[in-house]
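Q: after the sequence you'll find the predicted model.
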Amino acid sequence: MCEKTIETAIVVPLYNEEAVIRDVLLELKQKYSKYAIIVIDDSSTDNSYKKACMKDIYLLKHSVNLGQGAALQTGIEYAKELECSYVVTFDSDGQHNPDDIELFIKRLDKGDVDIVLGSRFLGSSENMPTRKKYLLKLSRFFTWITTGIWLSDSHNGFRAINIRRFPNFEITQNRMAHASEIISIIKTLGMRYTELPCHIRYTDYTLQKGQSMWNSINIVLDYFTGSLTKW
């Protein structure tokens, strides 16, 4: 069981990030030793799992690759087992700034919102390709059309969720479509939401690894296809 002093879990989906995952986790451990850090290796084909084997890290592993959405849901379910109140979703590639986490938790602590969504457009994004910026802004219209919710940054993986108040928060889209699905969950469950500035760091590593603008298109297509299967 989760110690009573641990109210927050940081959920880190992991897939083929052996070059950076150790540094990401060391930074999280240094800043947030009071939190449960849950890493879900989504059947990586490199040495990511071994690199993530560290003291004071909850390390889970999918036997087959399911996708980032599935990895996040596995982490959320484990956080519930640990009896944690909040979940912060945090990317494993080093793009997110750990300093933002405490601000998001403090916002949840006020009690007037149930989920805090990160926005790179309210905050900052270092070295973001221009084409990606415009595509991300365009994706806001898709989110608004499908959910009626207007956000400044609808596909940001940095967020904080009150899972104690909403234990039925469940991601069913296994892959990239989960980003759009989460916005739909907010509307369906009637969650109170807000956006806060966050800081994204686009490095040579993430740009070379394939964090391309086409990810946003894939999110839209995956979500549309997944929605059709429910009809």
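A: Structure's in. What do you need?
Q: going forward, measure contacts and count neighbours with C-alpha atoms only.
A: Noted.
Q: got the phi/psi numbers for residue 29?
A: Phi and psi for residue 29, reported as degrees, to the nearest 10, are phi -60, psi -40.
Q: roughly how far apart are it and residue 182?
A: Per C-alpha to C-alpha, to the nearest Å, residue 29 is found 27 Å from residue 182.
Q: same question for the helix or strand encompassing residue 182, mean pLDDT?
A: Element membership for residue 182, per DSSP states H and E: helix 178-189. Averaging pLDDT along helix 178-189 yields 92.
Q: buried stuff in it?
A: Of all the residues in helix 178-189, those buried under the rule 16 or more other C-alpha atoms under 10 Å are 178-186.
Q: helix, strand or coil for the closest residue to residue 37 other than its chain neighbours?
A: On the basis of C-alpha to C-alpha, 6 or more residues apart in numbering, the spatially nearest residue to residue 37 that is not a chain neighbour turns out to be residue 10, at 4.8 Å. Secondary structure for residue 10, judged by DSSP: H, G, I helix; E, B strand; the rest coil, is strand.
Q: host element of residue 84?
A: Residue 84 is part of no helix or strand, with elements assigned from DSSP H and E.
Q: the closest residue to it other than its chain neighbours: how many residues sit nearby?
A: In this structure, residue 84 finds its nearest non-sequential neighbour in residue 7, 4.7 Å apart by C-alpha to C-alpha, 6+ apart. The tally of other residues near residue 7 (other C-alpha atoms under 10 Å) stands at 19.
Q: let me see the contact set for residue 7.
A: Taking C-alpha atoms under 8 Å, 6 or more residues apart in numbering as the definition of contact, the neighbours of residue 7 are 35, 83-86.
Q: neighbour-wise, which of those leads?
A: Across these, neighbour numbers were computed from other C-alpha under 10 Å; residue 86 holds the maximum, 27 neighbours.
Q: wait, what's in contact with that one?
A: By C-alpha under 8 Å, 6+ apart, residue 86 lies in contact with 7-9, 105, 160-164.
Q: and if you look at residue 76?
A: Applying C-alpha under 8 Å, 6+ apart, the residues near residue 76 are 11, 87.
Q: so which bits of the helix or strand that contains it are buried?
A: Of the helices and strands defined by DSSP H and E, residue 76 is found in helix 68-81. Buried positions in helix 68-81, judged by neighbour count with 16+ other C-alpha under 10 Å: 68-76, 78-80.
Q: which residues of this protein fall in strands?
A: In the chain, strands defined by DSSP state E lie at 8-14, 36-41, 58-61, 86-89, 115-126, 159-162, 193-201, listed in chain order.
Q: so which of these is nearest residue 174?
A: When the strands of the chain are ranked by distance to residue 174, counting by C-alpha to C-alpha, first place goes to strand 8-14 at 11.9 Å.
Q: circling back to that earlier point, what is the helix holding residue 182 packed up against?
A: Other elements packing on helix 178-189 under the criterion 3 or more C-alpha pairs under 8 Å, 6 or more residues apart in numbering; DSSP states H and E are helix 68-81, helix 130-147, helix 214-230.
Q: mean pLDDT lowest where, among those helices?
A: It's helix 214-230: among the helices and strands packed on helix 178-189, that one has the lowest mean pLDDT, namely a mean of 52.
Q: quick one: least confident helix or strand in the chain?
A: When the helices and strands of the chain are compared on mean pLDDT, DSSP states H and E, helix 214-230 comes out lowest with a mean of 52.
Q: how close does residue 6 sit to residue 34?
A: Shown here: residue 6 relative to residue 34, a distance of 6 Å by C-alpha to C-alpha.
Q: count of neighbours near the closest residue to residue 150 other than its chain neighbours?
A: In space, and not counting its chain neighbours, residue 150 is closest to residue 144: 5.1 Å by C-alpha to C-alpha, 6+ apart. As a burial measure, residue 144 scores 14 neighbours (other C-alpha under 10 Å).
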